[in-house]
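1. Just the structure for this:
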Amino acid sequence: MAGKTLFCVICMVYLYLGCTTATVVRNCEGNPLSLSCPSGSVLSIISANYGRTTGPETCPHSSIQTTDCYASNSMNIVGNLCNGQTRCTVVATNSVFGDPCVGTYKYLEVNYTCQRRNDIIPTEPTCENRSDCNTERTCEGSSLSLSCSSGSVVNIISANYGRTTGPETCPHSSIRTTACFASNSLNIVGNICNEQTSCTVLATNSVFGDPCVGTYKYLEVKYTCKPGPVSNMKRICEGGSINLSCPSHTPVIVISKAMYGRQVPGSDFCPHISIQTTNCAAPNSLATARSACQGRSVCTMAASNQIFSDPCVGTYKYLEMEYTCARRGRVCEHDILHIGCPPGQKIVVLDAFYGRMAGPDICPHPQTSNQNCRASSSIRIVKDKCNGLSSCTVTASNVVFGDPCVYTFKYLEVLYDCKQI
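-> Have a look, this model is predicted:
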């Protein structure tokens, strides 16, 4: 029944809670979907999908081009809006979830239970009673930087762009609400920062959208640092070169950190009479190193002003690079990529792209003229499908990633590591 909420009830058994009735609710594209629980209990989202997995018997429409359509951010968005609430409403639109299958009429389907407040078992890590949890906050219009020490990576626990406190936080004359949440906050910050040694996120409406027009907002992030993939660190003084190489079983270089400049106090590393600053770094260091070495098995990088430009004239510099040797999976457009890890290990996605970054030697085709094409959603989608699993499959198609370069034959490439459980 188009435009109407459809209900069905199933019973699921939970290890800790006994038999708890789960409810599936569904509404067609363009309509709001409302979830609610009785007094004294709150929502716990089990699954959610904005897309289409059934034929015209569900939300009938003349535009149904696929029944294999999933918005990968569905669970995150619905969970952020509804988990722990007595009631909530989510609008089933592309403006909320993006469009996972252009030209297909979609619907939002959510599977949830109502649990007593004291019985809720957290499904995600929290910062409660954790001494290793960091909280960072910045006001609207500024940038928020997170960092972990060498050998560890960022693990986002929670994030919100909005406002949940009064003028004592980021004071401003425009504060109309203190119940303001950008539902995509955790997803956006996680995609930028998870598994990185350091990251920067802008606290702006252009990044998150505006969850409460007329209210001055801030970005607040809680995170921990966890052990990262085994990485290699190399340094060389100005004028020299760094040689990187990876073995055959993990043949791909993935650059996690690069710095050309000088940030070691005094003259402990690369001593020289010309050291006028120890707070100097070429802003293009990481991008330049990745452009030269990412995805290769061997690479040589010169520590020179000709490569990076001169970030601090008159100071003798050095080049520092941190990298991981990763596994690679690649398939051509329309094919299915299967990646996996040995028993007892799980997948950690380091990089991914759907597009084309090379000539016709990879996935040969007459249409390969655009060789600088990458779907911006690539790493987010692949992480959502594969991170933490022992194996996974991803289809290399415009239906999954959108079409970043029309009339170009594309491919999907995933760089990943296997981590012991």
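
2. What count of nearby residues applies to the nearest residue to residue 36 once chain neighbours are set aside?
-> Leaving out its chain neighbours, the residue that sits closest to residue 36 by Cβ to Cβ, 6 or more residues apart in numbering is residue 87, at 3.9 Å. (Glycine included, C-beta is placed from N, CA and C.) The number of residues packed near residue 87 is 11, by other Cβ atoms under 10 Å.

3. Now do the same for residue 87: its pLDDT.
-> pLDDT recorded at residue 87 is 83.

4. Then residue 352?
-> pLDDT, residue 352: 92.

5. how near is the residue located most distally from the centre of the chain to residue 316?
-> Relative to the C-alpha centroid of the chain, counting by Cα atoms, centre = their mean, residue 273 is the outermost residue, at 44.0 Å. Computed with Cβ to Cβ, to the nearest Å, the distance linking residue 273 and residue 316 is 8 Å.

6. Please apply the same query to residue 49.
-> 56 Å.

7. now swap in residue 224 and tell me
-> Distance, residue 224 to residue 316, using Cβ to Cβ: 37 Å.

8. Residue 416 now?
-> Taking Cβ to Cβ as the measure, residue 416 falls 38 Å from residue 316.

9. For residue 193, list the residues it contacts.
-> Contacts for residue 193 (Cβ atoms under 8 Å, 6 or more residues apart in numbering) come out as 146, 154, 156, 199, 201, 221, 223.

10. ok, back up a step: neighbour count: residue 49 and residue 316, which is higher?
-> residue 49 (22 against 17).

11. isn't the more buried one right up against residue 67?
-> No. Counting by Cβ atoms under 8 Å, residue 49 does not reach residue 67; the two are 11.9 Å apart.

12. contacting residues around the closest residue to residue 54 other than its chain neighbours?
-> Leaving aside its chain neighbours, residue 54 sits nearest to residue 67 (6.0 Å; criterion: Cβ to Cβ, 6+ apart). Residue 67 is in contact with 52-55, counting by Cβ under 8 Å, 6+ apart.

13. Next, residue 67: secondary structure please.
-> Here residue 67 takes the coil state, with states given by DSSP: H, G, I helix; E, B strand; the rest coil.

14. any idea how far residue 135 is from it?
-> For residue 67, the distance to residue 135 equals 43 Å [Cβ to Cβ].

15. Now, the contacts of residue 67 that are in strands?
-> residue 52 (DSSP state E).

16. Can you give me the buried ones in stretch 383-403?
-> In terms of neighbour count (16 or more other Cβ atoms under 10 Å), stretch 383-403 has its buried residues at 383-387, 392, 394-403.

17. quick one: contacts for residue 259?
-> Residues near residue 259 by Cβ under 8 Å, 6+ apart: 281-282, 285-286, 319-320.

18. one step back: filter the contacts of residue 193 down to just the buried residues.
-> Burial by neighbour count, judged by 16+ other Cβ under 10 Å, picks out 146, 154, 156, 199, 201, 221, 223 from the contacts of residue 193.

19. Phi, psi for the last one please.
-> The reference is to residue 223. phi -150, psi 160 (degrees, to the nearest 10).

20. nearest residue to it other than its sequence neighbours?
-> residue 156 (5.0 Å).

21. for that neighbour, helix, strand, or coil?
-> Taking three-state DSSP, the label given to residue 156 is strand.

22. wait, it sits on residue 189?
-> Yes. The pair residue 156 / residue 189 is scored as a contact, 5.5 Å apart, by Cβ under 8 Å.

23. Name the residues contacting each of these two.
-> residue 221.

24. could you dump the contacts of residue 193 to JSON lines with distance to residue 231 and pLDDT?
-> Formatted as JSON lines, the contacts of residue 193 follow (distance: Cβ to Cβ, whole Å; pLDDT from 0 to 100):
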{"residue": "146", "distance to residue 231": "18", "pLDDT": "90"}
{"residue": "154", "distance to residue 231": "14", "pLDDT": "86"}
{"residue": "156", "distance to residue 231": "20", "pLDDT": "86"}
{"residue": "199", "distance to residue 231": "16", "pLDDT": "85"}
{"residue": "201", "distance to residue 231": "23", "pLDDT": "89"}
{"residue": "221", "distance to residue 231": "23", "pLDDT": "92"}
{"residue": "223", "distance to residue 231": "19", "pLDDT": "91"}
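
25. Closest one of those residues to residue 367?
-> Nearest to residue 367 among the contacts of residue 193 is residue 199, at 34.9 Å by Cβ to Cβ.

26. Spatially, and excluding backbone neighbours, which residue is closest to the closest one.
-> Nearest in space to residue 199, with sequence neighbours left out and distances taken as Cβ to Cβ, 6+ apart, is residue 193 at 3.9 Å.

27. Helix, strand, or coil at the closest residue to residue 56 other than its chain neighbours?
-> When the adjacent residues along the chain are set aside, residue 56 lies closest to residue 64, with 5.8 Å between them (Cβ to Cβ, 6+ apart). With three-state DSSP as the basis, residue 64 sits in coil.
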